[in-house]
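> model this:
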Amino acid sequence: MPKLIIDGIEVEVKQGLTILQAAEEVGIEIPRFCYHDRLSVAGNCRMCLVEMEKSPKPVASCAMPVGDGMVIKTKSEKAVKARNGIMEFLLINHPLDCPICDQGGECDLQDQAMAFGFDKSRFIDNKRAVKDKYMGPIVSTKMTRCIHCTRCVRFVEEVAGVTEIGATGRGEDMEITTFLQASLESELSGNVVDLCPVGALTNKPYEFTARSWELNKTETVDVHDAVGSSIRVDSRGREVMRVLPRLNEDINEEWIADKSRNSCDGLKYQRLDTPLVRKNGVLESSSWGEAFDIIKKRLIGLNPNQIAALVGDLVDCESIMVLKDFMSKIGVQNLDCRQDGSLIDTRRRSSYIFNSTINGIDDSDCLLLLGTNPRKEAPIINARIRKRFLRGDYQIGLIGDAFDLTYNYNHISKTPEGVTSIVNEKNNFYNILKNSNKAMIIVGMSVFTHPDVNNIINSLYLLCDKTNVINKDWNGYNVLHTCASRVGGIDLGFVPGKSGKSTKEILIAAEKQDLKFIYLLGADEFDAKKIDKTFTVYQGHHGDRGANVADVILPGCAYTEKNGTYVNTEGRVQLASKAVSPPGEAKEDWKIIRALSEVVGCDLKYKTIDQVRKRMAWQNNIFADINRVYDDHSFFTGSSEFISSIPFHYPIKNYYQTDVISRASKTMAECTKEFSLNNNKRVEI
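Prediction:
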């Protein structure tokens, strides 16, 4: 390993690091604009110039590899003068927009101009002006501010994989633009706003609404998919102003998907803020007491078999636990958290979580995708797969519809019959799995809603037995969920009891009027018309499909308005924090159910959220360890089964509107309109 001296400090670093990276290892910060840890080196801005002994001129530390015996000075007169000159050149054409720029207070250029800039300019000619470009409903542009760092260009090409931003012209005529000024079509496009070191690219929905120093910042987790990305919610008063990513190397690195970032305006619209009861076919406002009394009267005298409860996609684990205990007190076994009707194997935890972990994608050496479109179902995971693919020597196979996933793959079969061909060793991908050390299989939700789900899963178990997908050091069998509440619901046992009905059976029984009472806890993603003849209680935060058929509506809290626990697709337990207060009379969901249980006469013993969490840990000990992923290499023995040629039915038709919050979002509606012709675009490979 090379040894070098940086500002008088001797340091030994790994071969291949740059001077800038070596300096950071000893706590010396070198200013930069174009350099970013997760992007390729461009060396455009030259702000990172340092003095290197025996070099006739300053060198760009971001692009210069370390060498044994180097002597580097980052604070010498020569280095400081070089940076001052670079800063003066950068500010020649930069407009004096700071008072109206959304980047104000968070601008790298502002900060470094204070450290390295002059208090006057020697430039007397007119500043350059550049026409703004259209990049879609999420990214706003003020291209006169652009300093040509090309971070956005490298991000969309290397991470997002869409190659839609580039540069035209040379020198002072250079401009950053999209192809034919079209919308930036990527589920990760909003990340270019975070990457932009100046105010050239800003968040269009957030534009001119607030200043960073006005906002309260709350660290929490995202619930718009099952990835559980770490996010920061910025709020002012009772309004969520924006959502930003937090660094989490194990899950989302420092990116978030566009729906997670920009659907937050949906928290303002179509909100339920007071209890409602249906009288003469019309929903009318009521008190909590009146609503509870109506529910009590409907429950009295009913056989437990005539009652059912469904849990939706955005529900926290505390609320699921309390609802399960409430239903268990009155003997109800018709419970399900799988409102899409998926038949997930819940016998062992390893059969329904992402066992390899998201971070484990980086260590895998081949991948089989089955019935999934990760670009729409989990854009963050898709970006990880692309990252691993770009390192090379990575074979990817796909069974199901062919989509543009931003990386190349071997399209094995359009129907699930492709599993049989691999298991029977009739497809070369069997040998790829067999000869690998850390093979991965990612199973999508469309597999669990397929008519042959049991045969497909049995064949997959057999494939894991025959190949090296599961071994003593590695479990490569992974289920990719699409709902934030799904894994937590299964962990807490919110599934049908021994004689209980699943979601599909509950809906059939409701149509036949065999059910007399249904409790919907944030459940909206099913055909609500099937239960319109059954007395229905809907508890949630938006007036959506479930609320439309409800006889009693109890207003709950959205994920930003309560403290809660969520379990992501890896099985990782995460805590979400309250950022704002709920509107009107809305209450935390677990408190509503606990209060209702008291009125009904089966009072639950816990009174605080800590007591509920202790109950959750007693139900399943995984809730005692926050942010931990358990290793489980145990599995069932599989068998070769007949699999039909029925194609998969994918869960996401429109990426931008998959839940009650995103459907209420004006920004997501604009994205839907903009990209409606290209959503879930199929390609032949």
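
> contact partners of stretch 602-618?
317-318, 321-322, 325-326, 329-330, 492, 563, 565, 590, 594, 597-598, 623-624 (Cβ atoms under 8 Å, 6 or more residues apart in numbering). Any C-beta I mention is one placed from the backbone N, CA and C, and that applies to glycine too.

> send the alpha carbons of it over as PDB?
Extracted in PDB, the C-alpha atoms of stretch 602-618 (Å, rounded to 0.1, in the frame of the first residue of the first chain):
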ATOM      1  CA  CYS A 602     -63.100  -6.300  25.200                       C
ATOM      2  CA  ASP A 603     -60.600  -3.800  26.500                       C
ATOM      3  CA  LEU A 604     -57.000  -4.300  25.500                       C
ATOM      4  CA  LYS A 605     -54.500  -3.900  28.300                       C
ATOM      5  CA  TYR A 606     -51.900  -1.600  26.800                       C
ATOM      6  CA  LYS A 607     -52.200   2.200  27.000                       C
ATOM      7  CA  THR A 608     -48.900   3.500  25.500                       C
ATOM      8  CA  ILE A 609     -47.000   2.800  22.300                       C
ATOM      9  CA  ASP A 610     -44.200   1.300  24.300                       C
ATOM     10  CA  GLN A 611     -46.600  -1.300  25.700                       C
ATOM     11  CA  VAL A 612     -47.800  -2.100  22.200                       C
ATOM     12  CA  ARG A 613     -44.200  -2.600  21.000                       C
ATOM     13  CA  LYS A 614     -43.500  -4.900  23.900                       C
ATOM     14  CA  ARG A 615     -46.600  -6.900  22.800                       C
ATOM     15  CA  MET A 616     -45.200  -7.000  19.300                       C
ATOM     16  CA  ALA A 617     -41.800  -8.300  20.600                       C
ATOM     17  CA  TRP A 618     -43.700 -11.000  22.600                       C
END
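
> buried residues in it?
602, 604, 606, 609, 612-613, 615-616 (16 or more other Cβ atoms under 10 Å).

> between these, which is nearest Ser436?
Nearest to Ser436 among the buried residues of stretch 602-618 is Met616, at 37.3 Å by Cβ to Cβ.

> what's the spacing between the closest one and Lys324?
10 Å (Cβ to Cβ, to the nearest Å).

> tell me, what's touching these two both at once?
What both Met616 and Lys324 touch, as defined by Cβ under 8 Å, 6+ apart, is the set Leu492.

> Buried subset of the contacts of stretch 602-618, written for ChimeraX?
A single ChimeraX command selects the buried members of these (16+ other Cβ under 10 Å):
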select :317,318,321,322,325,326,492,565,590,594,597,623
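
> Among the contacts of stretch 602-618, name the ones in strands.
Taking DSSP state E, the ones among the contacts of stretch 602-618 that sit in strands are Thr565.

> And the strands in the stretch 251-400 of the chain?
All strands of the stretch 251-400 of the chain, identified by DSSP state E, counting those that start in this stretch, fall at 276-279, 282-285, 307-311, 335-336, 366-370, 395-399.

> So which of these is nearest Val233?
Of all the strands of the stretch 251-400 of the chain, strand 307-311 comes closest under Cβ to Cβ, at 23.5 Å.

> packing partners for the closest one?
helix 317-329, strand 335-336, helix 503-511, strand 517-521 (3 or more Cβ pairs under 8 Å, 6 or more residues apart in numbering; DSSP states H and E).

> Out of the ones you listed, the one nearest Gly397 is which?
Closest among the helices and strands packed on strand 307-311, using Cβ to Cβ: helix 503-511, at 30.6 Å.

> Just the buried positions in that closest one, please.
Neighbour counts over helix 503-511 (16+ other Cβ under 10 Å) mark 503-507, 509-511 as buried.

> for the record, mean pLDDT for stretch 528-546?
Model confidence over stretch 528-546, given as mean pLDDT, is 95.

> swap in stretch 474-491?
96.

> Show me how far it is from its chain's centre.
Remark: stretch 474-491 is offset 14 Å from the chain centroid, using Cα atoms, centre = their mean, to the nearest Å.

> Can you measure across it, start residue to end residue?
Criterion Cα to Cα, to the nearest Å; first-to-last residue distance in stretch 474-491 is 22 Å.

> and what of stretch 374-384?
End-to-end distance for stretch 374-384, by Cα to Cα: 10 Å.

> what's in contact with that stretch?
Contacts for stretch 374-384 (Cβ under 8 Å, 6+ apart): 159-161, 187-188, 225-227, 229, 251-252, 255-258, 358, 361-362, 385, 403-406, 442, 444-445, 480, 482, 569, 650-652, 655, 679-680.

> next one: stretch 495-512
With Cβ under 8 Å, 6+ apart, stretch 495-512 has contacts from 305, 308, 310, 332-341, 343, 346, 489, 515, 518, 526-527, 530-531, 533-534.

> Convert it to CSV, keeping the C-alpha atoms and dropping everything else.
What follows is stretch 495-512 as a C-alpha-only set of coordinates in CSV (Å, rounded to 0.1, in the frame of the first residue of the first chain):
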residue,chain,number,x,y,z
VAL,A,495,-53.2,-14.0,8.3
PRO,A,496,-56.2,-16.3,8.3
GLY,A,497,-56.6,-18.6,11.3
LYS,A,498,-57.1,-22.4,11.0
SER,A,499,-60.7,-21.9,9.8
GLY,A,500,-60.3,-18.3,8.6
LYS,A,501,-60.8,-16.9,5.1
SER,A,502,-58.1,-15.3,2.9
THR,A,503,-58.8,-12.0,1.1
LYS,A,504,-60.1,-13.7,-1.9
GLU,A,505,-62.5,-15.9,0.2
ILE,A,506,-63.5,-12.8,2.2
LEU,A,507,-64.6,-11.0,-0.9
ILE,A,508,-66.5,-14.0,-2.2
ALA,A,509,-68.3,-14.4,1.1
ALA,A,510,-69.1,-10.7,1.1
GLU,A,511,-70.7,-10.9,-2.4
LYS,A,512,-72.8,-13.9,-1.2
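
> from the chain's centre, how far out does that stretch sit?
On Cα atoms, centre = their mean, the centre of stretch 495-512 falls 31 Å from the chain's centre.

> again, but for stretch 460-467
Per Cα atoms, centre = their mean, the centroid offset for stretch 460-467 relative to its chain is 30 Å.
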